[in-house]
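Participant: Next comes the sequence, and after it the predicted model I'd like to discuss.
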Amino acid sequence: MTTLTQALDAWVPAAARRLDGVRAEPRFEFVGRIVSVGDGIARVSGLPETRADELLLFPGGVAGLAVDLDGEIGCILLGEDRHLSAGAPVHGTGAVVRVPVGDALMGRVLDPLGQPLDEGAPVAAERFEPVERPAPSIADRAAVTEPLLTGTAIIDALFPLGRGQRELLIGDRAVGKTSIAVDAILNQRDGDVFCVYAAIGQKASGVREVIEAVRRGGALGRTLFVVAPADAPPGLQWLAPYTAFTMAEHFRDSGRHALVIVDDLTKHAAVHRQLSLLLRRPPGREAYPGDVFCLHSRLLERAAKLSPARGGGSLTALPIAETQAGNLSAYIPTNLISITDGQVYLDAKLFHEGQKPAVDVGRSVSRVGGKAQPPELRALAEPLRLQYAQFLELEVFTRFGGMVDEKTRAAVAHGQRMRALLAQRHSNPQPLALQVAQLTALSDGTLDRLPVEAVPRFRSALAALLETRPDPDLKALMREAAAGLGGS
Ligand SMILES: Nc1ncnc2c1ncn2[C@@H]1O[C@H](COP(=O)(O)OP(=O)(O)OP(=O)(O)O)[C@@H](O)[C@H]1O
Ligand SMILES: [Mg+2]
């Protein structure tokens with residue numbers, strides 16, 4: 001048996017070897033103290049060399065972000081503050097917050113610091129990148145011209161998205177915002193776009209449903225979830241969109257394509273307001289601090305289509321915002337509308353009337369538009385917006401039962417079929433071929449010969465036929481799909 005002396009004899013030379021070359025010399029280290037802590041923030045003194053956005057370390061491995069540097073340091077805590085108390089030591093790191101990035105993150109559910117929430121192994125990071133990064137410069141960008149199909153027919157036809165675009169999904173609560181975003185993820189299943197979904201301040205059960213929907217739709221392998229639910233420390237909820245962008249930029253910067261969904265920026269703004277008020281920053285309109293516009297525009301500017309010299313990758317952003325009683329002129333909605341390249345507005349009234357997805361055609365816009373639409377879809381979709389807007393007006397007019405001429409009656413009947421065609425269940429993204437085929441049926445008059453109620457069945461028949469025939473003769477297909485549906 002080894003005695004203690006023998007063990008020490010063996011250990012001392014080994015330890016001495018390990019210490020060879022290490023020069024023991026005194027060095028300065030500033031150790032700060034917590035002055036006050038609570039509600040997700042801490043005030044710290046005694047760290048004079050701290051720089052803005054520096055990561056500070058608190059006892060128990062809790063990290064904090066130094067955001068205010070005048071006098072005492074105002075610090076957003078990126079972890080639980082329950083076990084911290086005034087007087088506890090704080091160490092500076094000289095580093096900013098970095099999170100893991102890499103292909104291996106796909107399919108994972110992570111917190112905003114990159115820690116797994118899915119009970120899987122620790123993430124295999126290719127690199128660690130800062131969460132706050134500058135947006136690509138003008139010279140590094142190219143025009144947005146490649147389509148990013150969302151699988152939601154009304155969006156792809158009327159408000160098409162391009163790779164590198166920022167399109168806001170906005171509407172009251174529970175009008176199908178998240179469902180459209182999930183469909184956009186599902187539609188990338190067999191494509192080349194990687195998806196990052198950031199959930200901010202949502203109920204854990206809601207996030208679980210989204211993850212389940214993506215799993216059922218077979219797109220989990222292409223999707224990464226960054227989750228800070230409602231009960232997470234406010235600092236983590238605040239960090240989530242930055243982490244999501246950094247993780248998505250990995251694909252943009254390696255010449256590939258990514259889609260980032262932020263669900264939602266209204267909650268992010270509310271967390272930012274909460275932290276700012278606690279940090280005693282002066283409140284402005286609706287008590288938001290003055291920098292909330294800059295905060296979101298800096299974030300969304302990171303979405304871009306890169307020039308060929310920079311690899312030609314893209315990052316498309318689909319931020320979500322919630323309105324109160326359809327009020328688009330509230331502070332955060334107007335800010336976000338002016339920052340993004342268009343918005344899809346979901347209307348609560350339409351939703352409750354059963355028109356789903358409840359896209360309000362008059363108040364939605366895509367400023368990149370047709371340039372980024374597949375040509376076969378563009379040709380069919382171009383006249384739709386005007387036709388649809390005219391139909392909505394005519395419909396109101398004819399609802400009173402007044403006498404209408406044959407032309408008006410036909411336009412209303414056509415519009416009703418268009419509306420039936422653009423209605424769509426969630427978790428059911430439509431492939432491009434189906435979208436093109438059904439819009440062909442609309443424009444060539446096939447649908448006008450069918451009763452409105454038959455439109456959903458016509459679409460199902462068309463979808464089934466398209467699955468068996470990859471390169472179809474569209475005319476024959478229309479006839480077959482319409483057969484037996486009571487057409488005239
Ligand atoms: N196209 C659709 N067809 C039928 N039902 C739908 C459709 N889109 C959404 N729904 C249903 O409407 C409900 C609300 O949808 P969703 O959660 O996407 O809305 P939301 O605007 O994200 O809500 P929240 O404000 O709570 O985040 C869900 O139960 C969903 O199943
Ligand atoms: Mg939602």
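Facilitator: In hand now; what should we look at? Ligands and ions are numbered 1, 2, ... in the order given.

Participant: What count of nearby residues applies to the closest residue in space to residue 288 that isn't next to it in sequence?
Facilitator: Using C-beta to C-beta, 6 or more residues apart in numbering and skipping the chain neighbours, the partner closest in space to residue 288 is residue 273 (5.0 Å). Any C-beta I mention is one placed from the backbone N, CA and C, and that applies to glycine too. Other residues lying near residue 273 total 19 when counted by other C-beta atoms under 10 Å.

Participant: buried residues in the helix or strand harbouring residue 273?
Facilitator: Element membership for residue 273, per DSSP states H and E: helix 265-278. Judged by neighbour count using 16 or more other C-beta atoms under 10 Å, the buried positions of helix 265-278 are 265-276, 278.

Participant: next one: stretch 196-216
Facilitator: 196, 197, 198, 199, 200, 201, 202, 207, 210, 211, 213, 214.

Participant: Output the residue of the stretch 251-400 of the chain whose distance to ligand 1 is smallest.
Facilitator: Nearest residue of the stretch 251-400 of the chain to ligand 1: residue 356, at 3.7 Å (C-beta to the nearest ligand atom).

Participant: Assess the claim that that residue and residue 425 are in contact.
Facilitator: Yes - contact criterion C-beta atoms under 8 Å: residue 356 and residue 425 qualify, at 7.5 Å.

Participant: returning to that earlier point: packing partners of the helix holding residue 273?
Facilitator: strand 193-200, helix 234-253, helix 292-300, strand 314-322, helix 331-339 (3 or more C-beta pairs under 8 Å, 6 or more residues apart in numbering; DSSP states H and E).

Participant: Reformat the buried residues of stretch 196-216 as CSV; add distance to ligand 1 and pLDDT.
Facilitator: Putting the buried residues of stretch 196-216 into CSV (distance: C-beta to the nearest ligand atom, whole Å; pLDDT from 0 to 100) gives the following:
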residue, distance to ligand 1, pLDDT
196, 17, 98
197, 12, 98
198, 14, 98
199, 10, 98
200, 11, 97
201, 10, 96
202, 7, 96
207, 11, 96
210, 9, 97
211, 13, 97
213, 9, 96
214, 13, 96
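
Participant: Next one: the residue nearest to residue 288 from residue 280, what distance?
Facilitator: 13 Å (C-beta to C-beta, to the nearest Å).

Participant: ok, so what distance separates the closest residue to residue 219 other than its chain neighbours from ligand 1?
Facilitator: Leaving aside its sequence neighbours, residue 219 sits nearest to residue 189 (C-beta to C-beta, 6+ apart; 4.3 Å). From residue 189 across to ligand 1, the span is 18 Å (C-beta to the nearest ligand atom, to the nearest Å).

Participant: Residue 189 against residue 215, yeah?
Facilitator: No - the pair residue 189 / residue 215 is not scored as a contact, 11.4 Å apart, by C-beta under 8 Å.

Participant: Any residues of this protein in contact with ligand 1? List them.
Facilitator: 173-179, 322, 356-357, 424-426 (C-beta under 6 Å from any ligand atom).

Participant: okay, and for the stretch 251-400 of the chain, where does confidence drop off?
Facilitator: 369 (pLDDT under 70).

Participant: In the protein, which residue is most central in space?
Facilitator: Per C-alpha atoms, centre = their mean, the C-alpha nearest to the average position across the chain is that of residue 261, at 0.8 Å.

Participant: beta partners for that residue?
Facilitator: Applying DSSP bridges to residue 261 gives these bridge partners: residue 197, residue 318.

Participant: Just list the residues touching residue 365, thanks.
Facilitator: Counting by C-beta atoms under 8 Å, 6 or more residues apart in numbering, residue 365 touches 159, 342, 343.

Participant: so can I have JSON lines of these showing distance to residue 453, neighbour count and secondary structure?
Facilitator: JSON lines is the format used below for those (distance: C-beta to C-beta, whole Å; neighbours: other C-beta atoms under 10 Å; DSSP: H, G, I helix; E, B strand; the rest coil):
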{"residue": "159", "distance to residue 453": "27", "neighbour count": "25", "secondary structure": "coil"}
{"residue": "342", "distance to residue 453": "33", "neighbour count": "18", "secondary structure": "strand"}
{"residue": "343", "distance to residue 453": "32", "neighbour count": "25", "secondary structure": "strand"}
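
Participant: domain assignment for this structure?
Facilitator: 31-96, 99-373, 383-482 (automatic domain parsing).

Participant: so which strand or helix has residue 436?
Facilitator: helix 432-443.

Participant: tell me the angle the next helix or strand after that helix makes with helix 432-443.
Facilitator: Next in sequence after helix 432-443, counting helices and strands by DSSP H and E, comes helix 455-468. With axes from the mean of the first three to the mean of the last three C-alpha atoms, to 10 degrees defining the directions, helix 455-468 sits at 140 degrees from helix 432-443.

Participant: residues in contact with helix 455-468?
Facilitator: Contacts for helix 455-468 (C-beta under 8 Å, 6+ apart): 417, 420-421, 423, 430-431, 433-434, 437-438, 441, 446-447, 450, 472, 477-478, 480-482, 485.

Participant: Now, of these, which are buried?
Facilitator: 417, 420-421, 423, 430, 433-434, 437-438, 441, 446-447, 450, 472, 477-478, 480-482.

Participant: Okay, helices next: where are they in the stretch 1-150 of the chain?
Facilitator: 4-19 (DSSP state H, counting those that start in this stretch).

Participant: Does residue 404 touch residue 410 like I think?
Facilitator: No - the criterion here is C-beta under 8 Å, and residue 404 misses it with residue 410 at 9.8 Å.

Participant: contacting residues around residue 350?
Facilitator: 356, 358, 359, 360.

Participant: Using a markdown table, lay out the residues you listed together with secondary structure and neighbour count.
Facilitator: What follows is the contacts of residue 350, written out as a markdown table (DSSP: H, G, I helix; E, B strand; the rest coil; neighbours: other C-beta atoms under 10 Å):
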| residue | secondary structure | neighbour count |
| --- | --- | --- |
| 356 | coil | 17 |
| 358 | coil | 23 |
| 359 | strand | 26 |
| 360 | coil | 19 |
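
Participant: Disregarding flanking residues, what is the spatial nearest neighbour of residue 417?
Facilitator: residue 447 (4.3 Å).

Participant: thought residue 228 was touching residue 242?
Facilitator: No - judged on C-beta under 8 Å, residue 228 makes no contact with residue 242 at a distance of 11.1 Å.

Participant: These two: who's more crowded?
Facilitator: residue 228 (29 against 23).

Participant: Show me what the more buried one bridges to in the sheet.
Facilitator: If you apply DSSP bridges, the partners that residue 228 bridges to are residue 200.

Participant: Please report the distance of it from residue 118.
Facilitator: For residue 228, the distance to residue 118 equals 14 Å [C-beta to C-beta].

Participant: dump the residue contacts of residue 127.
Facilitator: Counted by C-beta under 8 Å, 6+ apart, residue 127 has contacts 100, 101, 102, 250.
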